[in-house]
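J.: sequence and computational prediction follow.
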Amino acid sequence: MTSNANFNKNNLDCLRLILASIVACFHIYALTNIAAFSAFGHLSPHFAVRGFFVISGLLIYRSYTRSSSVRSYFEKRVRRIYPAYFTVVVLAAVVLFPLSTVSVSQYLGTGFWRYLAANLVFLNFAAPTLPGVFASHINSAVNGALWTLKIEVAFYLFVPVLHNLCCRFGTKRVLLVLLGLSSFWKYGFWLLEVSHRAGLGYSIGLSPSLIARLEVQFPAQLAYFCMGILLLLYFDKLKSHFLSLSCITGILFLIDHFFTGELLDLFWIAGLVFVFGFWHYFGNVSKYGDFSYGVYIVHWPILQILVSLGASKLNPALFLPLVLSLIGLAAFLLWHLVEKRFLATSSHYLKVEKKSTAAAITVT
């Protein structure tokens, strides 16, 4: 279960930044409810998140097969995701106190430590808020975008298990079974949700909100991760059919958009990732760094802070550039001050940066 796919030139960093920006723009409207940004409400954060998971399946499994050991693999994953995550969680707990409506003793009480304890181990759902912070907002969560990180970590932990299963029972058999089980989970809870809205009452004793949450958890998202792995394993066969794949992807998207309502998104999202990522090379985006993760984990608290300070009452033509500038600046600083400093020496970002620096020196 390995792949010799040549990834020297790809647009995946660019695609991840686009997907992170889609999520950020959607939340600009969702958290402010400013009518001028209502068009952002039609963007699909579900598509963006699932696109992330397909890319993760493709890249993370490749990272595992190229790692010298399981320990090396996990070390690289921790270095890539946790320092920035830790920084954002702890920084929010510290700097948001002035915006709290409660006293210092109340703020530093049980709720504060519960927030830190839960969020630092990716259990954001257990303590999404800080005492007295954003209580009057549309959504009081400190950083509601972090819910996907526990699923991403679950993928990291599952990869060695998946590899072992494939070695024992066969790659195709294992991946097909996992795709089937994942789809059964996703569409099973989807049907329960639909039946509840239709008043049929088939909820197996679960509340509608719980059903909606279960529908998007790890088992449901595993299908997208597995599709990413399949793109990796069949890369050499697929790369000679970009035109056909782009047509099929477009057709499936149109069918899904107008008729089936996301029932086929597993296939067209995987097709879009592959075609966008590998057909025509847009240029070396990696030399500037990877800001997609930063944009994803900082945009929510920045929006919440601006709303709390009353900035959302500004003219929308001023508010939007302000939001985007702050998100971009925060992502830039997070990359250069935190993320890049913890990368493994084998990281392709560091290698690309060295090559770009060497090329600049040569030209000079």
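T.: Cool, got the structure.
J.: Tyr281: what's it in contact with?
T.: Neighbouring residues of Tyr281 by C-beta atoms under 8 Å, 6 or more residues apart in numbering: Lys9, Asn10, Asn11. No exception for glycine: its C-beta is placed from N, CA and C like everyone else's.
J.: below-threshold pLDDT in the chain: ranges please.
T.: Across the chain, the stretches falling below the confidence threshold (pLDDT under 70) are 1-6, 199-205, 353-364.
J.: and the residue nearest to Gly289 when sequence neighbours are not counted, its phi and psi?
T.: The shortest distance from Gly289 to any residue that is not its chain neighbour, by C-beta to C-beta, 6 or more residues apart in numbering, is 4.6 Å, and that residue is Trp335. Note on Trp335: its backbone torsions stand at phi -70, psi -50 [degrees, to the nearest 10].
J.: does Leu96 really touch Pro131, like I thought?
T.: No. Using C-beta atoms under 8 Å, Leu96 makes no contact with Pro131, being 9.9 Å away.
J.: verify the stated contact: Leu178 with Tyr224.
T.: No. In this structure Leu178 lies outside contact range of Tyr224 using C-beta under 8 Å: 11.2 Å.
J.: more neighbours: the two, which one.
T.: Here Leu178 and Tyr224 are compared on neighbour count by other C-beta atoms under 10 Å; more neighbours surround Tyr224, at 27 against 20.
J.: contacts for the helix or strand encompassing the more buried one?
T.: Secondary-structure element containing Tyr224, defined by DSSP states H and E: helix 218-233. Here helix 218-233 makes contact (C-beta under 8 Å, 6+ apart) with 1, 3, 5, 49-50, 53-62, 150-151, 154-155, 158, 162, 171, 175, 178-179, 181-183, 185-186, 189, 214, 238, 266-267, 269-270, 273-274.
J.: hey, C-alpha coordinates of that helix in PDB?
T.: Listed in PDB are the C-alpha atoms of helix 218-233, where the atom choice follows Å, rounded to 0.1, in the frame of the first residue of the first chain:
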ATOM      1  CA  PHE A 218     -15.200  10.900  12.400                       C
ATOM      2  CA  PRO A 219     -17.100   7.800  11.000                       C
ATOM      3  CA  ALA A 220     -18.900  10.000   8.500                       C
ATOM      4  CA  GLN A 221     -15.800  11.900   7.400                       C
ATOM      5  CA  LEU A 222     -13.600   8.800   7.100                       C
ATOM      6  CA  ALA A 223     -15.000   8.200   3.600                       C
ATOM      7  CA  TYR A 224     -13.400  11.500   2.400                       C
ATOM      8  CA  PHE A 225     -10.100  10.600   4.000                       C
ATOM      9  CA  CYS A 226     -10.200   7.200   2.300                       C
ATOM     10  CA  MET A 227     -11.000   8.800  -1.100                       C
ATOM     11  CA  GLY A 228      -7.800  10.900  -0.600                       C
ATOM     12  CA  ILE A 229      -5.800   7.700  -0.100                       C
ATOM     13  CA  LEU A 230      -7.300   6.200  -3.200                       C
ATOM     14  CA  LEU A 231      -6.300   9.300  -5.200                       C
ATOM     15  CA  LEU A 232      -2.700   8.700  -3.900                       C
ATOM     16  CA  LEU A 233      -2.700   5.000  -4.700                       C
END
